[in-house]
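*Asks:* Any chance you can model this:
(chains A and B)
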Amino acid sequence: MLDHAKEEVPGARYLAPGHNFGSISDKIAGIITGRTPFSWFIGFLIGFSVLQLLLVSITYLLFKGTGIWGLNNPVGWGFAIINFVWWIGIGHAGTLISAILMLFRQHWRTSINRAAEAMTVFAVACAAIFPIFHTGRPWLAAYWLLPYPNTMALWPNFRSPLIWDVFAVSTYATVSIVFWYVGLIPDLATMRDRAKSPIAQRLYGLFALGWRGSALHWQRYETASLMLAGLSTPLVLSVHTVVSFDFAVSVIPGWHATIFPPYFVAGAIYAGFAMVLTLMIPMRAIYGLHDFITERHIDNMAKVTLATGLIVFYGYCMEAFFGWYSANQFEQFMITNRMNGPYAGYYWALIFCNGVVPQLLWSKKIRTSVLPLFGVCMAVNVGMWLERFVIVVTSLHRDYLPSSWGMYYPTVWDWSTFIGTMGLFLTLFYLFIRVLPMISIFEVRTLTPAAHAKGDGHHG
Amino acid sequence: MSQIFPRSANAIVRFSLVGVLLFGGLVASIIGMSMRSDYVTGANSNVDQPVQFSHLHHAGGMGIDCRYCHTSVEQAASANIPPTKTCMNCHSQIWAQSPYLEPVRASWKTGESLVWTRVHDLPDFVYFNHSIHVKKGMGCETCHGRIDKMPGIQQKSSLQMEWCLDCHRNPEKFVRPREAVFTMGYEPEGDQLEVGRKLVQEYKIQSLTTCSTCHR
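*Replies:* Numbering: from 1, shown residues only, chains lettered A, B, ... in the order given. Model (predicted):
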C-alpha cells in the first residue's frame, strides 16, 4: 500500500500510462461539458423519486408528530438514531481518505478523494435529518440544541453526550464542507475556463474565487489544504467517538462499554469504505474511469475494508466476551438475549454480513473483480445498519426491569423516512456528478511524469 | 478570452464576506435585544384598570402598609387582591360621592366583584409563592419596583426566567432584613453583598435552581 521512494514518479502506478495534463483535464472535465449519459437521467430520476418519499414522510411527520414512528417505551430510540449513526459512519471514509491519507502522502487518494468527500457531505446531510426531526419540532431544534444567551438564562446540559454530538457533528459538517470546497477551487477554475454558457462561466467563476493558478495561489492552496487535513484528522476519530458516547455514557447493558469509541470509529471507516466502493464501482464503469480509478485503487480500498472489518468483528467478539466476563447478570442476559432472543435473526445476519462475508476479501481475486466486491460491499452496508439496529434495540427492549420489557416494530413511516434519505443522498450525488468534476483534475495531474520534470518527488 | 468578471468583483466579494458576518451579528443582536424589550415583556407600560386606583396616593401619600390590602402575602402563594369591602372601609366615609369611585360603589351594591386587570401574569407552568419570598427577606420593591411612586400600576420587571434566576442563583444580591420587606426605598446598611451574605446565612436561604423548584 505504501509508495516506494524508489519509484520515479511518486504514485505513477495509480494512473494508467500514457496520460498527460491535457488528456486528464479533457477526460474528467469532458464528463460535465460533454453529453450526459442516458443512465444519469435514469439514476437521477430514481433518486429524485425516492426523495419525494422523504418529503411526504417528513410532511406527514410534521402534521402528526413522532407518534407515527415505531418508538415506544422501552425502546425510546429507534430508527432515528440507527439511521443517524449509519449515515454519519458512512461519511467517515471520505474524511479518512481526504485527510489522513493526505498526511500520509498516499497517492492513491488523489483520484477518489473528491467523490468520497462529496459522499461525506451528503451523508452528514442525510444523518442530520434524523436527530433534527426526532425533536418533533425541527423549527425549534436550534433553540433547543445550541447554546446561546437566551432569556431563560439556561444552557443545554453540557454533561449530556447528546449536546457533545451537536458540536461534533456540526464541526464535522463544517470542516468537511470547507475541505471539500477548498479542494474544488482549482478544478472550479478549470471548469470556468472550459464552460461554454455565460451562466456556467459566471457560476464556476464565482466559486473559483478568482483562481488563476499562479505560484502564490498554489502555495496558499497547499498550506490551506494541509491545515484543513490537520483539522480533519482528529475529526475522523472524534466524531464517531462522540457518537459512541451517546451509548457508552449511559448505564444500559450492552452500551456501557469502554470498547465503544474505537469499535464505532472502526465501524464507521469500514462502512464508509464499503460505501465508497459501492459508489465508485458503478461510477467507474459508467463513465469509463478505469484509467484513474485503477485496479490498485479498488484493491487498496478493499484492503482497508477488510482491515477495519476485522477490527469491528473483534468488537463483536469482545462484546460477547465482556458479557460473560463481567459476571454481571444484566450484561450476561443482554448478550444471551441478543443471540437467542426475539432479535436473534438480526444479530446473526449482522455477524454473517460483517463477520463472515468480508473474509472473502482475503482473496486478491475477489478484491480486484468488481462484481463480487460490489456484492461484499452491499453486504457490509446492510451489516453496518443491522449492527446499529442490534445495538440500539436489543439493549433497550429488555433492560433491568422485566415488567417493562417490550418489542420494537418500525412502522411504514420509519422505513419511508429511511429510504427517503437514500433518495436525498442519490439526488445530491447525481447532481454532484453532473456539475462538479468527480475526480480531482489537478491532483491526478500530479501523478503524471510531467508534474515531476525536475524530479523533486515531493508534490502534494 | 475576455474577462468574465469586472474589476470590481474582487471588492464586492470581499465586502460581502465581511458584510455577511456583520449582517449576521446585526440580526442576532436585534433578535437578542427585542426578545428582552419592554414590547415583548410588557414591562413599564400602564395597565388600564376599571377604577383609577393610585398606589402613589394610597401607599406613598397615605403611607398605608402593603398588607392592609394584600392580606395573604405572608401566608399564601397569592398576595391577594382585596375585596370591595376593603375599599369601602374608608370610602364609605371619604370621597363617598366621588364619581371616580362609582364602579366601587356599584360593586358594593350588587356584590359583583371588581374585575381588575392582572399586571404580573406569570406563565401557568410556573409555580410562584409570595409567602416564602417574604419570609426569606425579599422586599416587595425588589420585584414590583417603587409602587409608592406609581400613579397608574406598571410591571417593572421582565418576569423572564433569566430575571428569576438572577436572584435564585445569587440571593445575596437582593435579600434585605425581614423588617424592611415592606419598606419602599430601602437602602442597605453598608455593602449589599456583605449584608446580603450575612442574611443568606441567617435566614438559611438556599439557592434553589433545580427545574422543579418552579416548574412543578
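*Asks:* Give me the pLDDT value at the closest residue in space to residue A:440 that isn't next to it in sequence.
*Replies:* Take residue A:440 and drop its neighbours on the chain: the residue closest to it by C-beta to C-beta, 6 or more residues apart in numbering or on different chains is residue A:114, 4.6 Å away. C-beta coordinates here come from the backbone N, C-alpha and C atoms, glycine included. What the model reports as pLDDT for residue A:114 is 91.
*Asks:* contacting residues for residue A:114?
*Replies:* A:180, A:183, A:184, A:187, A:436, A:437, A:438, A:439, A:440 (C-beta atoms under 8 Å, 6 or more residues apart in numbering or on different chains).
*Asks:* For the fourth one, pull up the helix or strand it's in.
*Replies:* Taking DSSP states H and E as the definition, residue A:187 sits inside helix A:161-194.
*Asks:* hmm, back to that, any idea how far the residue nearest to residue A:440 lies from residue A:124?
*Replies:* In this view, residue A:114 and residue A:124 are 16 Å apart by C-beta to C-beta, to the nearest Å.
*Asks:* repeat for residue A:171
*Replies:* 11 Å.
*Asks:* how far away is residue A:125 from residue B:154?
*Replies:* Relative to residue B:154, and taking C-beta to C-beta, residue A:125 is found at 50 Å.
*Asks:* Save the contacts of residue A:114 as a markdown table, and put in pLDDT too.
*Replies:* Putting those into a markdown table (pLDDT from 0 to 100) gives the following:
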| residue | pLDDT |
| --- | --- |
| A:180 | 93 |
| A:183 | 92 |
| A:184 | 94 |
| A:187 | 94 |
| A:436 | 94 |
| A:437 | 93 |
| A:438 | 91 |
| A:439 | 92 |
| A:440 | 91 |
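*Asks:* And the strands in chain B?
*Replies:* With DSSP state E, there are no strands along chain B.
*Asks:* residue ranges with poor pLDDT in it?
*Replies:* B:1 (pLDDT under 70).
*Asks:* give me the residue from it nearest chain A.
*Replies:* residue B:162 (3.4 Å; C-beta to the nearest C-beta).
*Asks:* Flag every residue of chain B that's near chain A.
*Replies:* Contacts of chain B with chain A, taken as C-beta under 8 Å from any C-beta of the partner chain, map to B:1, B:4-5, B:9-10, B:13, B:32, B:35-36, B:158, B:160-162, B:165-166.
*Asks:* now with 10 Å?
*Replies:* Counting by C-beta under 10 Å from any C-beta of the partner chain, the positions of chain B adjacent to chain A are B:1, B:3-5, B:9-10, B:13, B:28, B:31-32, B:35-36, B:40-41, B:158, B:160-166, B:168-169, B:209, B:211.
*Asks:* Among those, which ones are in helices?
*Replies:* Using DSSP state H, the subset of those located in helices is B:9-10, B:13, B:28, B:31-32, B:35, B:40-41, B:161-166, B:168-169, B:211.
*Asks:* which secondary structure element contains the residue of the stretch 101-250 of chain A found nearest chain B?
*Replies:* Closest residue of the stretch 101-250 of chain A to chain B, C-beta to the nearest C-beta: residue A:153 (3.4 Å). Under the criterion of DSSP H and E, residue A:153 resides outside all helices and strands.
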